[in-house]
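Visitor: Following is a predicted model, sequence given first.
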Amino acid sequence: ETGVTQTPRHLVMGMTNKKSLKCEQHLGHNAMYWYKQSAKKPLELMFVYNFKEQTENNSVPSRFSPECPNSSHLFLHLHTLQPEDSALYLCASSQDREVVTQYFGPGTRLLVL
Amino acid sequence: AQSVTQLDSQVPVFEEAPVELRCNYSSSVSVYLFWYVQYPNQGLQLLLKYLSGSTLVKGINGFEAEFNKSQTSFHLRKPSVHISDTAEYFCAVGVTGGGNKLTFGTGTQLKVEL
């Protein structure tokens, strides 16, 4: 689904680094989501934004900090991560929070050393 | 809260054979159901969805699924698979009034062999 793009596609960082993941959707949607995908586990919803307002924080540690400056862009700021945070981070969007169909980006593969 | 069970973690099948990937859900309220496919090193692509209406849903790449409320199932089927169908398949459920929070299964790896 090329309507949702994510950069970078791969990221290696140390536990003391600060980095950011970027997501951009070109679908004219108003809701955006961050998910974490770890091996052998179901996708975990992290954050939901609807019309730039955060509507869901699924008990995510504060070392993950989301930012949604407008309906087309979503960031995930990372700092002092742990090795267990290594995973595929997926961004998704939907028309708004009431329209259930979500479209996903290709993900950022994160490795924390 | 709703939940999704994909009983088969891996399904091997020969090319041109039929396949069924199983998905069962639990929920006390009306549901929406989805199947997504994930190819290696890619994100999730929507295969098909059930929102309401006809219980037989047709999706992309020749896949279809049937919503069975009494069995609380939404199994995915394809009458003849291709090598290119090798991927991981995820079932997901959302509930009405649930604020668009999808609950995903753990995935089924479909491996198509010659």
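Guide: Received the coordinates, thanks.
Visitor: List the residues that contact B:A87.
Guide: Going by CB atoms under 8 Å, 6 or more residues apart in numbering or on different chains, B:A87 touches B:V37, B:Q38, B:Y39, B:P40, B:Q109, B:L110. C-beta coordinates here come from the backbone N, C-alpha and C atoms, glycine included.
Visitor: Could you give the bridge partners of it?
Guide: In this structure, B:A87 bridges to B:L110 when assessed by DSSP bridges.
Visitor: can you list the residues of chain B near chain A?
Guide: When proximity is defined by CB under 8 Å from any CB of the partner chain, chain B lies next to chain A at B:4, B:32, B:34, B:36, B:41-46, B:49, B:51, B:90, B:92, B:94, B:99-107.
Visitor: Of the residues you listed, just the buried ones, PyMOL syntax please.
Guide: Here is the PyMOL command that selects the buried residues among the residues of chain B next to chain A (16 or more other CB atoms under 10 Å in any protein chain shown):
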select buried, chain B and resi 4+32+34+36+42+43+44+45+46+49+90+92+94+100+101+102+103+104+105+106+107
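Visitor: Quick check: strands, which of the residues of chain B next to chain A are part of them?
Guide: Those of the residues of chain B next to chain A mapping onto strands are B:4, B:32, B:34, B:36, B:44-46, B:49, B:90, B:92, B:94, B:103-104, per DSSP state E.
Visitor: on that earlier part again, may I see the PyMOL selection of the buried members of the contacts of B:A87?
Guide: A single PyMOL command selects the buried members of these (16+ other CB under 10 Å):
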select buried, chain B and resi 37+38+110
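Visitor: For A:V48, state which of the contacts of B:A87 is nearest.
Guide: A:V48 has its nearest neighbour among the contacts of B:A87 in B:Q38, at 20.7 Å by CB to CB.
Visitor: is it true that the closest one touches B:F90?
Guide: Yes - here B:Q38 reaches B:F90: they are 6.7 Å apart, a contact under CB atoms under 8 Å.
Visitor: circling back: in TSV, list the contacts of B:A87 along with pLDDT.
Guide: As requested, the contacts of B:A87 are exported to TSV (pLDDT from 0 to 100):
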residue	pLDDT
B:V37	97
B:Q38	95
B:Y39	93
B:P40	89
B:Q109	96
B:L110	97
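Visitor: all strands of chain A, in order?
Guide: Using DSSP E, strands in chain A cover A:4-7, A:10-13, A:18-25, A:31-37, A:44-50, A:53-57, A:64-70, A:73-79, A:87-94, A:103-104, A:108-112.
Visitor: Go ahead and confirm A:C91 touches A:W34.
Guide: Yes - using CB under 8 Å, A:C91 is in contact with A:W34, at 6.1 Å.
Visitor: which of the residues in stretch A:47-54 are buried?
Guide: By neighbour count with 16+ other CB under 10 Å, stretch A:47-54 contains the buried residues A:F47, A:V48, A:Y49, A:N50, A:K52.
Visitor: Please identify which of the strands of chain A is closest to B:F67.
Guide: Among the strands of chain A, strand A:87-94 comes nearest to B:F67, with 20.5 Å by CB to CB.
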